[in-house]
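>>> Fold the following.
(chains A and B)
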Protein chains: 2
Amino acid sequence: MPKNLSLAQHKFYVRVRREKKVRDAERLFIAEGTRTISELLTATPQSLLALIQTEHSDFPTVPSEKVFIASSKQFSALCDTEHSQGVIGIFEQPTVSPQTLFKTLEAKASSVVLVLDDVQDPGNLGTLIRTAAWFDVDAVIASGGTADFFNPKVVRSTAGSLFALSLYRSASLKGDLASLQKIGFTIYGAAMAGEDFLTTSFSAKTALVIGNEANGISEHVCQYLHKEITITGNRNKVESLNAAVSAGILLSRICLHK
Amino acid sequence: MPKNLSLAQHKFYVRVRREKKVRDAERLFIAEGTRTISELLTATPQSLLALIQTEHSDFPTVPSEKVFIASSKQFSALCDTEHSQGVIGIFEQPTVSPQTLFKTLEAKASSVVLVLDDVQDPGNLGTLIRTAAWFDVDAVIASGGTADFFNPKVVRSTAGSLFALSLYRSASLKGDLASLQKIGFTIYGAAMAGEDFLTTSFSAKTALVIGNEANGISEHVCQYLHKEITITGNRNKVESLNAAVSAGILLSRICLHK
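Numbering: from 1, shown residues only, chains lettered A, B, ... in the order given. I've put the predicted structure just below:
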């Protein structure tokens, strides 16, 4: 039978939920709900540290020593109960060093990378990761101002795809864009007044930059773009497309027309 | 100088915020934040009933008799203050009768309509409307199980595009799909195992059906589809695309390749 969650464990996981610095220092994150947890377990079962439930129910493939029972009060401090269905998982963050990432990308003849320049909305970030996973993008590289990959809302919006591609938080987006250029990537930026994306022929190694929801791609990043591309639309009706929808349309073009 | 918001007004608008049945009966909705309000005002200034602020600041084009000042406590009961920047607008819901809508659509030689079959997430619904507005879609037709067009979260996600196209809540999606067929529309459904959308040639009058986030298009609606279409992706990495992202990709194909 599974043990009860201890007070010390509970206190620690509440901090993992609430504080980015604790998540980063401990390299942990929380996933909510049967579906998301199952999908993460399918990808990398060994990354599960603990499965916390309000009532014991069998979770295939999870050894019982990793299962803990929490009171409803304890549980509600650990998650957004609306989405959790009485079960959350504490997982280890997937990690990739910049050295490994850029070496892998250099060795590839063909690759697509998604670069996020201060995408701030957690729902957008999660949906961007999910979309990138669907289109077999190799990596998502995020600027310091982008939301945390392991924020609970981001994790929820990824629909279990967090382990499906390399996630890398850049210390210097400019430096990393320069590195991508050196290893053969052409850098495209989603912009309001660029070339019609339908007329663009994308290179075998493509990095697509998506900017901040309100302000677009920042000026210091723009100088690293080889080309700005645009999705034609009716700007009299609405100012812009949502960031994740734009990325989806551009990635479908880049990845499916190869 | 603008008047203070009365207790009776406040009580009424709180109900408009919280209760769909009050919004529907009174045909009102609440929009939050300078940007969304400005965009709605540009589209149809006469639909503004009241502008409620915590501090008086000049809002060009709004006559002072429509401006009311609320205390912070009053104000916080009227909106999600995180996004409101101290200003909300009470607007009249745009309306279109089914007779007018179908007559207009019948008269068109070329038209795109987005049909939503139980899209439940307000953020997804708002983003779907925004995306449809960008691509000049003529109407969004929603099933009874779809989130309310005028839910505050939906309004926020539309980015001010609520007045940009006809929004119609269907009493019977089956009946309305049959009507669309009669007036020359071909009905396409976004599905997991349909024809690759890149090989589909869409007709001049196209209705695109997007299903529920978890369950897809319901069985009783499927029989009205002329064709199921699919966006190719890696299902080992993630089960599906987000509903708004799928619609964006399909609408970009339908609307930009004409």
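
>>> number of nearby residues for A:Tyr168?
Close neighbours of A:Tyr168, defined as other C-beta atoms under 10 Å in any protein chain shown, add up to 21. Where you see a C-beta, it was placed from the backbone N, CA and C, and this is true even at glycine.

>>> Hmm, I typed the wrong one, I wanted A:Val96.
Using other C-beta under 10 Å, A:Val96 has 14 neighbouring residues.

>>> wait, A:Asn124 sits on A:Asn242?
Yes - judged on C-beta atoms under 8 Å, A:Asn124 makes contact with A:Asn242 at a distance of 7.0 Å.

>>> which residues are in contact with both of the two?
A:Glu213 (C-beta atoms under 8 Å, 6 or more residues apart in numbering or on different chains).

>>> Next to chain B, which bits of the stretch 1-150 of chain A? Give me the list.
For the stretch 1-150 of chain A, the residues in contact with chain B (C-beta under 8 Å from any C-beta of the partner chain) are A:Glu39, A:Gly123, A:Thr127, A:Arg130, A:Thr131, A:Ala133, A:Trp134, A:Phe135, A:Asp136.

>>> Just the terminal-to-terminal distance for stretch A:38-50.
One end of stretch A:38-50 sits 13 Å from the other (C-alpha to C-alpha, to the nearest Å).

>>> ok, which stretches of chain A are helices?
Ranges of helices in chain A, per DSSP state H, are A:7-18, A:20-26, A:34-43, A:72-76, A:81-84, A:98-107, A:122-134, A:152-157, A:173-182, A:219-222, A:243-256.

>>> rank those by mean pLDDT and give me the bottom one.
Among the helices of chain A, helix A:81-84 carries the lowest mean pLDDT, a mean of 74.

>>> Only the C-alpha atoms, please, for that helix, written as CSV.
This file holds the C-alpha atoms of helix A:81-84, laid out as CSV (Å, rounded to 0.1, in the frame of the first residue of the first chain):
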residue,chain,number,x,y,z
THR,A,81,-7.6,20.9,-8.8
GLU,A,82,-9.9,21.7,-11.7
HIS,A,83,-7.5,19.9,-14.1
SER,A,84,-5.8,17.4,-11.9
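
>>> what comes up buried for it?
Within helix A:81-84, the residues that count as buried by 16 or more other C-beta atoms under 10 Å in any protein chain shown are A:Ser84.

>>> Centre of the chain to that helix, how far?
Its chain's average C-alpha position is 20 Å from that of helix A:81-84, according to C-alpha atoms, centre = their mean, to the nearest Å.

>>> And for it, what's in contact with it?
With C-beta under 8 Å, 6+ apart as the test, helix A:81-84 has contacts from A:Glu32, A:Gly33, A:Phe75, A:Arg156.

>>> For these, give me CSV that also has neighbour count and distance to A:Phe91.
Below are the contacts of helix A:81-84 laid out as CSV (neighbours: other C-beta atoms under 10 Å in any protein chain shown; distance: C-beta to C-beta, whole Å):
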residue, neighbour count, distance to A:Phe91
A:Glu32, 24, 11
A:Gly33, 21, 13
A:Phe75, 20, 17
A:Arg156, 21, 13
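
>>> Any chance of CSV for these, columns distance to A:Gly184?
Converted to CSV, these look like this (distance: C-beta to C-beta, whole Å):
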residue, distance to A:Gly184
A:Glu32, 39
A:Gly33, 40
A:Phe75, 49
A:Arg156, 35
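
>>> Quickly list the domain ranges of chain A.
A:3-92, A:98-256 (automatic domain parsing).

>>> ok, and which of the ones you listed has the densest surroundings?
Mean neighbour count (mean count of other C-beta atoms under 10 Å in any protein chain shown) peaks for domain A:98-256 among the domains of chain A, with a mean of 20.

>>> And the pLDDT for the closest residue to A:Ser38 other than its chain neighbours?
Once flanking residues are discounted, A:Ser38 sits nearest to A:Gly160: 7.4 Å by C-beta to C-beta, 6 or more residues apart in numbering or on different chains. Note on A:Gly160: pLDDT of 88.

>>> A:Gly160 contacts A:Gly33, doesn't it?
No - checked against C-beta under 8 Å, the pair A:Gly160 and A:Gly33 is beyond contact range at 9.4 Å.

>>> ok, now which ones touch A:Val238?
Going by C-beta under 8 Å, 6+ apart, A:Val238 touches B:Glu39, B:Arg130, B:Ala133, B:Trp134, B:Thr158, B:Ala159, B:Gly160, B:Ser161, B:Ala164.

>>> Show the backbone phi and psi for it.
When quoted as degrees, to the nearest 10, the phi and psi of A:Val238 stand at phi -150, psi 140.

>>> which one is it nearest to, not counting chain neighbours?
Nearest residue to A:Val238, sequence neighbours excluded (C-beta to C-beta, 6+ apart): B:Ser161, at 3.9 Å.

>>> which residues touch that neighbour?
A:Lys237, A:Val238, B:Glu39, B:Ile129, B:Arg130, B:Ala133, B:Trp134.

>>> Same question for A:Ser72.
A:Thr54.

>>> and if you look at A:Leu251?
A:Leu251 is in contact with A:Val112, A:Leu114, A:Thr131, A:Ala132, A:Phe135, A:Val137, A:Leu208, counting by C-beta under 8 Å, 6+ apart.

>>> so A:Phe202 sits right up against A:Glu195, yeah?
No - between A:Phe202 and A:Glu195 there is no contact under C-beta under 8 Å: 11.3 Å.

>>> mind listing what the spatially most central residue of chain A touches?
The residue lying closest to the centre of chain A (C-alpha atoms, centre = their mean) is A:Ile129, at 4.1 Å. Going by C-beta under 8 Å, 6+ apart, A:Ile129 touches A:Val140, A:Phe149, A:Val154, A:Ser157, A:Thr158, A:Ser161, A:Leu162, A:Leu165, A:Leu167.

>>> returning to what we had before: just the ones in strands from the contacts of A:Leu251, please.
Of the positions in those, A:Val112, A:Leu114, A:Leu208 sit in strands, assigned by DSSP state E.

>>> Tell me, how many residues neighbour A:Ser97?
By other C-beta under 10 Å, 9 other residues sit near A:Ser97.

>>> how about the residues of the stretch 151-258 of chain A that lie near chain B?
Within reach of chain B by C-beta under 8 Å from any C-beta, the stretch 151-258 of chain A has these residues: A:157-161, A:164-165, A:198, A:231-234, A:237-242, A:244-246, A:248-249, A:252, A:256-257.

>>> same thing but at 6 Å, please
Within the stretch 151-258 of chain A, the positions near chain B by C-beta under 6 Å from any C-beta of the partner chain are A:159, A:161, A:164, A:233-234, A:237-238, A:241-242, A:244-245, A:248-249, A:252.

>>> Now for A:Phe232: which residues touch it?
Just to correct that, residue A:232 is Thr rather than Phe. Contact analysis of A:Thr232 by C-beta atoms under 6 Å, 6 or more residues apart in numbering or on different chains lists A:Asp196.

>>> Please repeat the previous calculation with a cut-off of 8 Å.
By C-beta under 8 Å, 6+ apart, the residues touching A:Thr232 are A:Asp196, A:Leu198, B:Leu256.

>>> List the contacts of the closest residue to the second one other than its chain neighbours.
It stands for A:Leu198. Once flanking residues are discounted, A:Leu198 sits nearest to B:Leu256: 6.2 Å by C-beta to C-beta, 6+ apart. When contacts are counted by C-beta under 8 Å, 6+ apart, B:Leu256 touches A:Leu198, A:Ile231, A:Thr232, B:Phe135.

>>> excluding its backbone neighbours, what's nearest A:Ser170?
In space, and not counting its chain neighbours, A:Ser170 is closest to A:Asp176: 4.7 Å by C-beta to C-beta, 6+ apart.
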